[in-house]
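[1] need coordinates for the below:
(chains A and B, ligands or ions: 2)
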Amino acid sequence: MKGKTIVITSGKGGVGKTTTTANIGAGLALRGHKVVVIDTDIGLRNLDVVMGLENRIVYDLVDAIEGRCKLHQAMIRDKQLPELFLIAAAQTRDKNCINPEQLTDLCRRLEEEFDYIIVDCPAGIEQGFRNAIGPAQEAIVVTTPEVSAIRDADRVIGLLEASELYRPKLIINRVRPGMVKRGDMLDKDDIVELLAVDILGMVPADDRLITATNQGIPVIHDKRAPSGMAFSRITARIDGEDIPLMDLEPKTGLMNKVRFLMGIDRSEYTHA
Amino acid sequence: MLSKLRRPRSRTDRRDNPDATKSIARDRLQSAISRDRHDLLGPDVVEALKRDMLAAISRHLEISEDFNELEVRRLDQSLYLVASIRIQGIPRLARAR
Ligand SMILES: Nc1ncnc2c1ncn2[C@@H]1O[C@H](COP(=O)(O)OP(=O)(O)OP(=O)(O)O)[C@@H](O)[C@H]1O
Ligand SMILES: [Mg+2]
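    Ligands and ions are numbered 1, 2, ... in the order given. Presented below is the predicted three-dimensional model:
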């Protein structure tokens, strides 16, 4: 077996890299693949809590790299999906304690056994970024529809291409269709034109994502969450399915408005 | 009242909303991104381009080795490749017959 390593990166912090990693990882496992997700945000680990696995960590990425444990001992099996594993970041070290070659070696070993290795990159463009993109054969750039995030995405796309990761794909997260419709938020066409990249999908800003994250369950497991549906579609595209890109529509319809006002349904949007 | 009922989406469906802020965002981004790309354009890229261009030109014209300038300049939102190359002579073959 020869797996594929994909890095999830952004430049700007807080745009949804870790959320995206957890959901794409779960999504690919739901489609029957063997998947490892790796948190490379050494010193600021988060992927473990987003996946609800924080209490199961014994060994971490740096332990595996420095040989304090066997590679499989640092792999934590997911609660829901037996074919999904997490390698957590070390919390007490910093980004300079590993280098891109070490992470690349580790991923090459994992590729023998797994279909997909998804690498969650830290914010910024320094050592942590260099480490995370080192092993990648493909890159996904996450942005939000805001000026600063898009500008940073452009910078990161330039750096990826300089490292021979050509044609990275874009995910636009936290889209608010109502604002797009009013002309108060950049839409996908604007962003794609500015960045000159292919788009992999859009994810709406979604309260259900926050409640899912509160419970340590990736929102892709929530069949009624618009963001979860968006991640399912994105995962299918990564897996080679040709699914057309749909515009996110604000919910209209009287009943939906009533539900929203009554607090029964707190998501503003229909589909992804 | 009636017209409101009939067109319930008229408030949100303002394609030409005069207060829409996204065009401001787009213009600012365009300018910031073009500036970043300019600032980050590697001097080695410009040097390589200069070498290739001079080689191509000297197949048609005699040009001096020095006094050749090539740079990328930014004016308003756009980048321009500005070249200043001194022609020393026009070879007989290049003259109009
Ligand atoms: N589509 C969304 N709707 C609502 N909340 C979201 C969405 N995407 C992300 N969030 C929230 O935004 C916050 C930041 O997300 P996340 O941690 O995934 O970003 P990140 O890019 O990994 O951040 P960092 O750069 O710090 O690593 C989290 O609290 C997450 O729950
Ligand atoms: Mg993160």
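[2] tell me which element residue A:186 is part of?
    Assigned by DSSP states H and E, residue A:186 belongs to neither a helix nor a strand.
[3] cool, and residue A:203?
    With DSSP H and E as the criterion, residue A:203 is inside strand A:198-204.
[4] run through who's touching that strand.
    A:16, A:20, A:140, A:167, A:169-177, A:188, A:191-192, A:226-227, A:230-231, A:233-234, A:237-238, A:245, A:248, A:267-269, A:272 (CB atoms under 8 Å, 6 or more residues apart in numbering or on different chains). For the C-beta atoms, the positions are set from N, CA and C on the backbone; glycine is no exception.
[5] same check on stretch B:23-39?
    A:146-147, A:150-151, A:154-155, A:158, A:183, A:186, A:190, A:194-195, B:72, B:74, B:77-79.
[6] near ligand 1, which of these show up?
    For ligand 1, no contacts are drawn from the contacts of stretch B:23-39 by CB under 6 Å from any ligand atom.
[7] pass me the low-pLDDT residue ranges in the stretch 151-272 of chain A, would you?
    Scanning the stretch 151-272 of chain A with the threshold set as pLDDT under 70 gives A:251-272.
[8] show the residue spans covered by the strands in it.
    A:169-175, A:198-204 (DSSP state E, counting those that start in this stretch).
[9] in a markdown table: the ones you listed, plus distance to ligand 1 and mean neighbour count.
    Output for these, formatted as a markdown table (distance: least, CB to the nearest ligand atom, whole Å; neighbours: other CB atoms under 10 Å in any protein chain shown):
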| stretch | distance to ligand 1 | mean neighbour count |
| --- | --- | --- |
| strand A:169-175 | 5 | 23 |
| strand A:198-204 | 5 | 22 |
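[10] same list (those) but as JSON lines, adding distance to residue A:112.
    Output for the strands of the stretch 151-272 of chain A, formatted as JSON lines (distance: least, CB to CB, whole Å):
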{"stretch": "strand A:169-175", "distance to residue A:112": "25"}
{"stretch": "strand A:198-204", "distance to residue A:112": "26"}
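[11] one step back: quick one: buried ones out of the contacts of stretch B:23-39?
    A:146, A:147, A:150, A:151, A:154, A:155, A:158, A:183, A:186, A:190, A:194, A:195 (16 or more other CB atoms under 10 Å in any protein chain shown).
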